[in-house]
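S.K.: build the 3D model from these lines:
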Amino acid sequence: MSAAPQTPAELAAKTGVVRQVRELLGALRVSAVRRTLAALTGGIVVVIAITAYGQIELNSWNKPFYDAISRRDVGDFIMQVGIFAVIAGGLLVLNVAQRWLVETLQLKMREALVTDLVGLWLQPRRAFWLQGSGPMGAHPDQRMHDDTLKLCDLSIGLGVGLLQAAMLFGSFASVLWVLSKDFSIFFDGRDHALPGFMLWAAIVYAIGGSLMTYWIGRGLVSRNAERYAREGELRFSLTRINEHLDGISLAAGEADEKRRVAMHLGDVLQATSRVVLGLTNLTWVTSGFGWVTVIAPTLVAAPLYFSGKVSFGGLMMAAAAFTQAQSSLRWFVDNFSLIADWRATLLRVAGLRQVLASDLEALPDGSRIAYAESEAGTLAIEALEVRAWTGHDRLDAGALVMHAGQRLLILGTPGTEKTLLFRALAGLWPWGSGTVRRPRGETIHYMPRGTPYLPRGTLAEALSYAMEPYPREAMVAALASVGLQRLAPLLETTGRWERELSMDEQLRLGFARVVLQAPPWLVMDEAFGAFDDDTLELIIDVLTTKLAHTGIVHIGSAGEAHDRLFTQVVHLVKVPDAVPEELRS
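M.R.: Presented below is the predicted three-dimensional model:
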């Protein structure tokens with residue numbers, strides 16, 4: 001079987017880190033909190049710069065302090081302790097200010113990113129199309145919640161750390177250069193000048209550690225990405241069990257669900273164990289360099305002291321400056337595991353955003369259903385074919401024109417995708433051919449198969465979901481028209497109505513929405529199959545009386561062709577020899 005062509009959505013997700021960072025920064029620049037983000041970033045830069053100056057002063061303080069100790073000068077010693085208290089107090093205030101700025105910047109950055117992603121995700125039909133975009137469409141909730149939180153925390157933490165390291169190195173590099181600018185090594189009978197050898201030693205030491213760290217830990221990016229994907233599957237499995245407890249309990253399916261959870265947990269543990277192994281190997285380098293750093297500054301600065309070029313206080317000052325410069329340069333070594341985690345998280349968040357911003361409707365062969373406007377009071381369907389993985393379905397009537405108040409029943413022959421036809425009429429499934437012309441300026445209410453979506457909130461909010469607020473009297477009348485009078489006193493009650501109401505009541509509530517809205521057009525998918533005869537007669541009576549002027553398209557089975565409701569019947573049939581090439585190969 002040949003590989004299926006990649007969609008533009010899949011191609012958009014395969015971009016480098018530079019483009020991913022650039023696109024996320026572009027989203028931040030147009031967010032509602034962009035000025036706050038800029039102000040907080042500027043404040044952090046200023047605080048870090050002042051902190052770097054304070055640390056230089058603190059490093060310079062080492063020389064007179066330790067010289068006072070070596071001379072046993074109590075007066076100078078006490079004065080240097082007072083100077084330390086002033087410098088340390090100032091640095092403490094700066095550290096507190098930096099912590100507040102960093103935490104607030106993380107908060108605002110998360111606000112901007114989540115708002116941007118949710119805004120793209122909840123554009124009309126885009127969340128639905130995302131489901132069919134491949135692995136990138138799996139668990140977008142986790143990417144927008146958990147991954148954005150981690151990405152913001154890691155981005156700000158690593159960014160501030162890198163900025164601080166760069167400023168400190170720039171500050172202490174000059175100190176190291178001045179301290180060792182006249183250094184020379186006696187070799188082969190003469191002195192060989194090696195100006196700034198402490199600076200070069202710090203750079204070589206840090207580069208060696210960085211290269212070893214990257215070589216050992218480079219696989220952590222893919223391992224972390226795999227772990228997050230497996231975590232999402234485990235979380236989804238647990239959430240699905242919680243949402244379907246009644247069906248699982250009635251079917252005695254606890255053992256089967258336990259097996260599924262154990263399988264997903266095993267995948268998580270296996271992926272996590274690979275991360276643990278990578279972190280363990282990385283620790284050999286990071287911890288090894290950490291222990292060597294305890295004595296390395298003194299060893300590097302010792303030649304200056306033994307050659308008599310610096311005092312004991314100068315030795316301590318040089319060692320402290322080397323420690324600061326070297327710790328700045330080995331920022332990559334100390335943070336590589338976090339960088340790998342950040343890269344994996346960036347891949348998930350930026351990849352999701354790129355897919356959401358891409359053309360999710362596009363197909364490799366360019367086959368799409370066209371959607372256009374017709375004159376008011378007319379709904380037209382022309383040569384409509386719906387593409388599915390198992391083949392193509394089409395209506396046996398090449399051209400259909402419906403006028404206001406007419407009723408059309410579409411009967412699906414065995415094997416046809418009736419629900420995909422419903423989605424195609426609604427614009428959710430644009431893959432196929434033909435044209436759907438919707439009446440200009442008129443509302444079409446779409447009623448999918450099964451129980452309607454009931455948001456958490458009051459019953460009034462569930463009844464008028466996605467509609468303008470209606471007077472209480474209108475809502476009471478709508479409930480009464482479908483036999484739900486008992487729910488009228490509960491309109492202001494908050495609850496999880498998908499659990500509080502029976503399936504029959506939920507289905508009736510869906511028709512009460514239609515009565516409340518009284519739309520010019522109604523498109524339904526298998527809307528009658530779950531009703532008993534008495535309820536079905538009640539619903540048909542509502543459609544023929546209260547909604548007499550509503551044009552209706554109903555996709556169902558032959559048993560639902562009620563003569564007094566429908567005025568026209570067409571069939572959905574399979575297109576011969578229309579199995580996609582990728583399935584035949």
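S.K.: residue 145 belongs to a helix, doesn't it?
M.R.: Yes: under DSSP: H, G, I helix; E, B strand; the rest coil, residue 145 sits within a helix.
S.K.: residues in contact with it?
M.R.: Contacts here follow C-beta atoms under 8 Å, 6 or more residues apart in numbering; on that basis residue 145 touches residue 114. (C-beta placed from N, C-alpha, C; glycine too.)
S.K.: just the pLDDT for it.
M.R.: What the model reports for residue 145 is a pLDDT of 80.
S.K.: again with residue 156
M.R.: If you check residue 156, the pLDDT there is 92.
S.K.: need the helices for the stretch 51-200 of the chain, in chain order.
M.R.: Secondary structure of the stretch 51-200 of the chain, counting by DSSP state H, counting those that start in this stretch: helices at 74-121, 126-131, 140-142, 148-179, 197-217.
S.K.: list the buried ones in the last one?
M.R.: Buried residues in helix 197-217, defined by neighbour count with 16 or more other C-beta atoms under 10 Å: 197-199, 201-203, 205-206, 209-210, 212-213, 216-217.
S.K.: ok, back up a step: export the helices of the stretch 51-200 of the chain to a markdown table and tack on distance to residue 223?
M.R.: Output for those, formatted as a markdown table (distance: least, C-beta to C-beta, whole Å):
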| stretch | distance to residue 223 |
| --- | --- |
| helix 74-121 | 24 |
| helix 126-131 | 26 |
| helix 140-142 | 18 |
| helix 148-179 | 15 |
| helix 197-217 | 10 |
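S.K.: out of these, which is closest to residue 258?
M.R.: Nearest to residue 258, of all those, is helix 140-142, at 22.5 Å by C-beta to C-beta.
S.K.: by contact count, what packs against that closest one?
M.R.: On a contact count with 3 or more C-beta pairs under 8 Å, 6 or more residues apart in numbering; DSSP states H and E, helix 140-142 meets helix 220-243.
S.K.: CA atoms of stretch 76-88 as PDB?
M.R.: Output of stretch 76-88 as PDB, limited to C-alpha atoms (Å, rounded to 0.1, in the frame of the first residue of the first chain):
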ATOM      1  CA  ASP A  76      38.900  46.900  58.300                       C
ATOM      2  CA  PHE A  77      37.300  43.500  58.700                       C
ATOM      3  CA  ILE A  78      34.200  45.000  60.400                       C
ATOM      4  CA  MET A  79      34.000  47.800  57.800                       C
ATOM      5  CA  GLN A  80      34.100  45.200  55.000                       C
ATOM      6  CA  VAL A  81      31.300  43.200  56.700                       C
ATOM      7  CA  GLY A  82      29.200  46.400  56.700                       C
ATOM      8  CA  ILE A  83      29.900  47.000  53.000                       C
ATOM      9  CA  PHE A  84      28.800  43.400  52.300                       C
ATOM     10  CA  ALA A  85      25.600  43.900  54.200                       C
ATOM     11  CA  VAL A  86      24.700  46.900  51.900                       C
ATOM     12  CA  ILE A  87      25.600  45.100  48.700                       C
ATOM     13  CA  ALA A  88      23.800  41.900  49.800                       C
END
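S.K.: so for it, mean pLDDT?
M.R.: The average pLDDT within stretch 76-88 is 89.
S.K.: which parts of that stretch are buried?
M.R.: Using 16+ other C-beta under 10 Å as the test for burial, stretch 76-88 gives 77, 80, 87.
S.K.: excluding chain neighbours, what is closest to the first one?
M.R.: Same thing as residue 77. residue 68 (4.4 Å; C-beta to C-beta, 6 or more residues apart in numbering).
S.K.: re the thing from before, between the buried residues of stretch 76-88, which sits nearest residue 44?
M.R.: Closest approach between the buried residues of stretch 76-88 and residue 44, by C-beta to C-beta: residue 87, at 20.9 Å.
S.K.: OK, contacts around that closest one?
M.R.: Listed by C-beta under 8 Å, 6+ apart, the contact partners of residue 87 are 54, 57-58, 61.
S.K.: turn those residues into JSON lines, columns for distance to residue 271.
M.R.: Output for the contacts of residue 87, formatted as JSON lines (distance: C-beta to C-beta, whole Å):
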{"residue": "54", "distance to residue 271": "44"}
{"residue": "57", "distance to residue 271": "48"}
{"residue": "58", "distance to residue 271": "44"}
{"residue": "61", "distance to residue 271": "49"}
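S.K.: let me see the mean pLDDT of the top strand by length along the chain.
M.R.: Secondary structure assigned by DSSP state E gives strand 378-388 as the longest strand of the chain. When pLDDT is averaged along strand 378-388, the result is 89.
S.K.: over to stretch 541-558?
M.R.: 88.
S.K.: hang on, residue 453 in a strand?
M.R.: No: per three-state DSSP, residue 453 lies outside any strand segment and is coil.
S.K.: ok, the closest residue to residue 227 other than its chain neighbours to residue 350 distance?
M.R.: Leaving aside its sequence neighbours, residue 227 sits nearest to residue 271 (C-beta to C-beta, 6+ apart; 4.2 Å). Going from residue 271 to residue 350 by C-beta to C-beta, to the nearest Å gives 21 Å.
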